[in-house]
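Undergrad: here are the coordinates; sequence isn't available:
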């Protein structure tokens with residue numbers, strides 16, 4: 001009997017500990033270096049692709065300028081960045097991200113550079129379902145000092161876009177999953193999900209976002 005009571009007590013305490021952890025406030029990142037740097041312009045480097053989808057780099061890169069601009073920063077045009085690296089024989093994201101910060105500063109004149117990595121991109125198929133997911137992480141580096149100003153990660157799912165139907169029994173679920181898998185491949189839903197991930201990753205504001213840039217009306221309020 002005492003053993004059963006002990007087990008129940010342990011389970012109750014574990015549940016309380018889990019609830020306490022979930023209720024704990026989100027710890028904001030240290031913005032000391034970010035505030036000291038006060039970057040005005042950002043160079044977005046091609047993301048590293050750690051997925052099996054060759055479109056991951058371009059899919060994410062095409063979506064990252066907008067949230068940074070909305071956050072209040074001048075973002076160097078992606079086409080200019082891409083062509084400049086090509087003219088210097090650099091076309092692989094891993095090689096580009098190895099270029100010294102001082103060199104990037106001298107070539108592009110930007111205050112900071114964004115280094116991104118994509119770890120999930122594309123459709124995930126299970127027996128009864130199919131979903132499109134995009135996961136990415138990023139860090140903002142001061143090109144004058146080499147200091148990391150900010151870093152974060154984000155995830156988005158195709159289910160957040162809607163059009164995922166309702167449960168229709170086992171046979172219906174199997175058919176629905178197969179149909180969704182084909183639809184994802186034909187429509188390249190990953191691109192839309194990458195937009196969600198980019199927005200989530202690079203938006204400014206609490207609790208873990210970028211600081212607002214100098215071209216935002218909220219500059220200096222965070």
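TA: Great, that's in hand. Here the structure is a predicted model, which is why all the values come from computation and not from measurement.
Undergrad: could you pull out the strands for this protein?
TA: Secondary structure of the chain by DSSP state E: the strands cover 41-44, 48-49, 74-75, 112-125, 130-142, 148-157.
Undergrad: Quick one: closest of those strands to residue 84.
TA: strand 41-44 (9.9 Å; C-beta to C-beta). Where C-beta positions appear, they are placed from N, C-alpha and C, glycine not excepted.
Undergrad: Which positions in the closest one come out as buried?
TA: 41-44 (16 or more other C-beta atoms under 10 Å).
Undergrad: from those, which two are the most distant?
TA: So, these by C-beta to C-beta: farthest apart are 41 and 44, at 10.7 Å.
Undergrad: Need the residues touching each of those two.
TA: 75-76 (C-beta atoms under 8 Å, 6 or more residues apart in numbering).
Undergrad: Quick check: the closest residue to residue 63 other than its chain neighbours vs residue 32, distance?
TA: Leaving out its chain neighbours, the residue that sits closest to residue 63 by C-beta to C-beta, 6 or more residues apart in numbering is residue 198, at 3.9 Å. Distance of residue 198 to residue 32, given as C-beta to C-beta, to the nearest Å: 26 Å.
Undergrad: Of these two, give the one with the bigger neighbour count.
TA: residue 198 (27 against 10; other C-beta atoms under 10 Å).
Undergrad: Just list the residues touching that one, thanks.
TA: Counting by C-beta under 8 Å, 6+ apart, residue 198 has contacts 60, 63-64, 66-67, 136, 154.
Undergrad: Please tabulate those in JSON lines, including the columns distance to residue 148.
TA: Shown next, in JSON lines, are the contacts of residue 198 (distance: C-beta to C-beta, whole Å):
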{"residue": "60", "distance to residue 148": "20"}
{"residue": "63", "distance to residue 148": "22"}
{"residue": "64", "distance to residue 148": "18"}
{"residue": "66", "distance to residue 148": "23"}
{"residue": "67", "distance to residue 148": "19"}
{"residue": "136", "distance to residue 148": "17"}
{"residue": "154", "distance to residue 148": "17"}
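Undergrad: any idea which of the residues you listed is closest to residue 83?
TA: residue 64 (17.5 Å).
Undergrad: Quick check: phi and psi at that closest one.
TA: phi -90, psi -20 (degrees, to the nearest 10).
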